[in-house]
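> my questions are about this predicted structure, shown below with the sequence.
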Amino acid sequence: MSEQEATTFLESVDLCFNRAASALKLPKGLARQIRTCNAICEMKFGVEIQGGYEIFTGWRATHSEHVLPAKGGIRYAPFADQQEVEALAALMTYKCSIVSVPYAGSKGALKIDPKKYSIEELEHITRRFAQEMDKRGLLGPGINVPAPDMGTGQRMMSWIADEYQKLHPSDINAQGCVTGKPVHFGGVEGRVEATGRGVQYGLQEFFRHKDDLSSANLEGTLEGKKIIIQGLGNVGYHAAKFLQEQDGALIIAILERDGAIINEDGLDIDEVSKYKSEHGKVEGFPNSKFIKSGNQVLEHPCDILIPAAMEGVITHENAPRIQAKLIAEAANGPVTFEADQILNKRGIFIIPDAYLNAGGVTVSYFEWLKNLSHVRFGRMDRRFVEAQGQKIIEAIESGIGKPLAPIAKEKLLAGPNEVDLVRSGLEDTMRVAYSEIKEQQLSNTKIEDRRTAAYALAIRNIADIYESMYL
Ligand code: GLU
């Protein structure tokens, strides 16, 4: 297949959708209604920078509106374009549906290289972008709620929230107009790590399903499994860190912008991350082999390959040479449709993006709920749970006639705090969704792989909503 024939990101998403829709019985035209991007707005706005004016181009796509608000991140990237935004917005629709988060799908982008601007300039540009979205009805706790994505983070989200609050001073729910805010500015504990944490929970769940393990030619637990991570951004870093520290997995290779580093005995994620921020590259990291053409390392033998950076990194070109047993998609759209078909034929198990990286939006949902309820999680019940624990301790101690071990007491006495509740809600979400996706596959002979099953679950859930609406 020539370069020109390769499918775009948007085509890949739509082809995956069509494959799943054709396995379902749906009223005529409904699949098309669900697949179609409802609206996309291109915004051009001038910002005064260093005594002159610069014009910026941004987009916000509202892929669906079967529930409101629509939800999805804002990306700052020099290569951003409208099609990419549409593809990402569609994925948001399916993602929210798969993890039962009551949002429609949206996504935004600004064509910008954030590294070229000072913090003050970025603040100015972001506030202007927020005004543009607001005046077009693309921002608000009940309409459209952005979040961080590639190139954006907590600070930008607080500028957006602040700008919205200034424009709508009487909106009591104004803080819920954006998620991924710092905790002191209406954010929720555990949001920064959430996508990576979700990847960990999704992988842990996969390892609980022995039949899935054997179809991936794997066995045992995550302990000692050889993992390759592509991209040490927020998602890749947290996923790798938790899998290494808590599950005992070995991170044998890390691919970054300047190349890849390999050490078959395992790389210490925190050390690599520290080295990267000090040197701006991974080349030269002690006790590792550096490979300049990093993408080659995607083809290195391993148990689990975690693409956690860009879309379209596994294509029909390299898919035949991938040697991983399992691909865990932490990024959005890392595998093209053609590559997906090749990998499926080769028996390589894929845990799809629309499920595996949904931890971010799941915890965004918790943050939004916190904003709308105006109370921190755990505030109402923490001491109550502790008091109940105390009663249980007293009952057990009087029954057995001796005091409980201090460690057991400590566990029984600890009431949940916000981060405990967020993690437990996220874990539950990832476990339930995994089983629901699997069930789709097991109950439908036309569905042959987990991505198709995930899309089918999303389509079925959205179709149910449409079928009870009158359009
Ligand atoms: N940008 C993240 C994603 O692609 C998070 C979206 C959100 O929290 O709304 O899933």
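Okay, I see it.

> just checking: what are the partner strands of the helix or strand containing residue 42?
Assessed by DSSP states H and E, residue 42 sits inside strand 39-49. When pairing is defined by DSSP bridges, strand 39-49 lines up against strand 52-62 (antiparallel).

> tell me if the helix or strand following the strand it pairs with is near the ligand.
The first helix or strand that comes after strand 52-62 along the chain, using DSSP H and E, is strand 70-71. Yes: residues of strand 70-71 are located near the ligand by C-beta under 6 Å from any ligand atom, namely residue 71. All C-beta spots, glycine's among them, are computed from the backbone N, C-alpha and C.

> and the contacts of the strand holding residue 42?
53-62, 82, 85-86, 89, 117, 121, 124-125, 128-129, 132-133, 136, 138 (C-beta atoms under 8 Å, 6 or more residues apart in numbering).

> with stretch 359-373 instead?
Outside stretch 359-373, the residues touching it (C-beta under 8 Å, 6+ apart) are 71-73, 92, 95-96, 99, 101-103, 141, 145, 147, 173, 175-176, 179-181, 186-188, 190-191, 194-199, 201-202, 235, 376-377, 422, 425-426, 429-430.

> and the residue nearest the centre of this protein?
residue 357 (3.2 Å; C-alpha atoms, centre = their mean).

> buried residues, stretch 160-177. List them.
By 16 or more other C-beta atoms under 10 Å, the buried positions in stretch 160-177 come out as 160-164, 167-168, 174-177.

> list the contacts for the residue in the chain that the ligand sits nearest to?
When scored by C-beta to the nearest ligand atom, the chain has residue 73 as its residue closest to the ligand, at 2.6 Å. Residues near residue 73 by C-beta under 8 Å, 6+ apart: 88, 107-108, 146-150, 152, 180, 360.

> go back to the residues you listed and keep what's next to the ligand.
Answer for these near the ligand (C-beta under 6 Å from any ligand atom): 147, 149, 360.

> and the helices in the stretch 151-300 of the chain, which stretches?
154-167, 194-208, 210-215, 234-247, 269-279 (DSSP state H, counting those that start in this stretch).

> out of the ones you listed, which is the most enclosed?
With neighbours defined as mean count of other C-beta atoms under 10 Å, the helices of the stretch 151-300 of the chain peak in mean count at helix 194-208, which reaches a mean of 24.

> by contact count, what packs against that helix?
Under the contact definition 3 or more C-beta pairs under 8 Å, 6 or more residues apart in numbering; DSSP states H and E, helix 194-208 sits against helix 210-215, helix 234-247, strand 326-328, strand 349-351, helix 353-356, helix 359-373, helix 418-442.

> so what does the spatially most distant residue from the centre of the chain look like in phi/psi?
Taking C-alpha atoms, centre = their mean, the residue of the chain most remote from its mean C-alpha position is residue 401, at 50.1 Å. With angles defined as degrees, to the nearest 10, residue 401 sits at phi 70, psi 20.

> ok, it to residue 394 distance?
13 Å (C-beta to C-beta, to the nearest Å).

> do you know the pLDDT at the closest residue to residue 270 other than its chain neighbours?
Spatial nearest neighbour of residue 270, excluding adjacent residues (C-beta to C-beta, 6 or more residues apart in numbering): residue 241 at 6.8 Å. Residue 241 is assigned 98 on the pLDDT scale.

> these two touch, right, residue 241 and residue 268?
No: in this structure, residue 241 is not within contact of residue 268 by C-beta atoms under 8 Å, at 9.7 Å.

> ok so, going back, closest to residue 208 out of the contacts of residue 73?
Using C-beta to C-beta, residue 360 is the member of the contacts of residue 73 that sits closest to residue 208, with 22.5 Å.
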